[in-house]
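Asks: What follows is a predicted structure for the sequence shown.
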Amino acid sequence: MCGLSALSPRPGRSGRQRLIERSRGRRIVQLTEAGRVLLGHAEAIESRLRAAEADFRAYAAGVSGSLRIGIYQSVANKVLPEVMRRFKERWPDVDVQVTEAAHDNELVDAVERGDLDVSFAIQPIGEGPFELRELMQDPYVVLTAANSPLARRRPAASDLDGLPMVGHQRGKQQDRAEEFLLGRGVRPRVVFRSNDNGTVQAMVAAGLGFALAPLLAVDETDARIRLLQLAEPVPPRVLIIVWHRDRYRAPASAAFVETAVSVAARIERAHDAFLTKALGLGAPRATRRPARARRSHHPASRPA
């Protein structure tokens, strides 16, 4: 006859179940059927708790969890793929979630709200609770059809006056180009605008007009077009990466920023080599000091 050693607390006396049994005269303890059911649940709970503890430790160490990144088109095409490849090699368990927007002001606002952990952007950005690192300077080039008379020599800004122009939609990138021309009394005729880099380049290749765009937004291997630098170069756009200065910054986020800085520096050197050797134009810029994290103190900015 077996004696009762443990009871499960269920409503009513008759509802109680034996969990273990001890045989009389022997030091043997056995689980009852009810005990085995409860043990299965307890083991599952313990396993989940251990997994949760491991996940939390990994998250605290920055080796897992999620990282929310903001990008815009030219970065998505040329910068982000290599950044992601390098980052995932070192941080394979981090779930990177990427949000693309047409204008960087949308992304910077998302960083301020806490909807993004880090975002690529273009200087200047609006004043706010931001830290940033400069990534690279992106020089402007003239795009023209390969058979265009404009492709025969290095043009001056004045050579573009009155010519048909293919432009991007208004924003930091396009405004910088058009304001540069207007500041020199040059008024091209804008005949087409698009937010898509490939569409702008295709329209140029079709002979619709010239474009003035940053090199990062251009496929320089396209044989249908010619790339030229103006005799008076447009000031380059400055690419940055931004995060919220007052929020917790996981190690993975910091590592992503450093990876982006490294990749952008390599692309910038390639741009310099392309302009200097392939086009025979310009000269490499003086080496810049490594960009350190700094706070944003810029006035409100226009969309990218």
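Replies: Arrived safely, thanks for sending. What you see is a predicted model, and the numbers here were worked out from it, not measured in a lab.
Asks: who are the neighbours in contact with Ala211?
Replies: Counting by Cβ atoms under 8 Å, 6 or more residues apart in numbering, Ala211 touches 142-144, 165-167, 200-201, 203-204. The C-beta positions use only the backbone N, C-alpha and C, and glycine is treated the same way.
Asks: what do you get if the cut-off is 6 Å, keeping everything else the same?
Replies: Going by Cβ atoms under 6 Å, 6 or more residues apart in numbering, Ala211 touches 143, 166, 200, 204.
Asks: before we move on, what about His271?
Replies: By Cβ under 6 Å, 6+ apart, the contact list for His271 reads Leu215.
Asks: Could you pull out the buried residues of whichever strand or helix holds it?
Replies: According to DSSP states H and E, His271 maps onto helix 251-273. Buried residues in helix 251-273, defined by neighbour count with 16 or more other Cβ atoms under 10 Å: 252-253, 255-257, 259-261, 263-264, 267-268, 271-272.
Asks: Output the residues you listed in CSV; the columns should cover pLDDT and distance to Asp222.
Replies: As requested, these are exported to CSV (pLDDT from 0 to 100; distance: Cβ to Cβ, whole Å):
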residue, pLDDT, distance to Asp222
Ala252, 94, 36
Ser253, 95, 35
Ala255, 96, 34
Phe256, 98, 31
Val257, 98, 32
Thr259, 98, 28
Ala260, 98, 26
Val261, 98, 28
Val263, 98, 23
Ala264, 98, 22
Ile267, 96, 18
Glu268, 96, 21
His271, 93, 16
Asp272, 92, 20
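Asks: Just name the closest of these to Val242, please.
Replies: Checking the buried residues of helix 251-273 against Val242 by Cβ to Cβ gives Val257 as the nearest, at 9.5 Å.
Asks: Distance check, that closest one against Arg68.
Replies: Applying Cβ to Cβ, to the nearest Å, the value for Val257 to Arg68 is 13 Å.
Asks: Between those two, which contacts overlap?
Replies: Residues touching both Val257 and Arg68 by Cβ under 6 Å, 6+ apart: none at all.
Asks: Please work out how many residues are found near the residue lying closest to Asp117 once chain neighbours are set aside.
Replies: Of all residues not flanking Asp117 in the chain, Arg68 sits nearest, at 4.7 Å (Cβ to Cβ, 6 or more residues apart in numbering). Residues near Arg68, counting by other Cβ atoms under 10 Å, number 18.
Asks: Strands of the stretch 201-304 of the chain, start to end?
Replies: For the stretch 201-304 of the chain, the strands defined by DSSP state E, counting those that start in this stretch occupy 211-214, 225-228, 237-244, 294-295.
Asks: So for Met136, which of those strands sits nearest?
Replies: Among the strands of the stretch 201-304 of the chain, the nearest to Met136 by Cβ to Cβ is strand 237-244 (5.2 Å).
Asks: Give me the mean pLDDT for that closest one.
Replies: Mean pLDDT, strand 237-244: 97.
Asks: Check what contacts it and list those residues.
Replies: Here strand 237-244 makes contact (Cβ under 6 Å, 6+ apart) with 111, 118-123, 129-138, 214, 257, 260.
Asks: contacting residues for Ser66?
Replies: Ser66 neighbours (Cβ under 6 Å, 6+ apart): 95, 97.
Asks: quick revisit: please produce CSV containing the strands of the stretch 201-304 of the chain, extended by distance to Ala157.
Replies: Listed next are the strands of the stretch 201-304 of the chain as CSV, based on distance: least, Cβ to Cβ, whole Å:
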stretch, distance to Ala157
strand 211-214, 9
strand 225-228, 12
strand 237-244, 17
strand 294-295, 33
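Asks: Pick the most deeply packed of the ones you listed.
Replies: Ranked by average neighbour count under the criterion mean count of other Cβ atoms under 10 Å, these are headed by strand 211-214 at a mean of 25.
Asks: quick check: mean pLDDT across that strand?
Replies: For strand 211-214, the mean pLDDT works out to 96.
Asks: Count the neighbours of Ala217 for me.
Replies: 25.
Asks: Kindly report the same for Arg189.
Replies: If you count neighbours by other Cβ under 10 Å, Arg189 ends up with 10.
Asks: that older thread, now flag whichever of the contacts of Ala211 is closest to Pro235.
Replies: Distance to Pro235, by Cβ to Cβ, is smallest for Leu143 among those, at 18.0 Å.
Asks: Can you list the strands that the helix or strand the closest one falls within pairs with?
Replies: Taking DSSP H and E as the criterion, Leu143 maps to strand 140-145. Using DSSP bridges, strand 140-145 pairs in its sheet with strand 211-214 (antiparallel), strand 225-228 (antiparallel).
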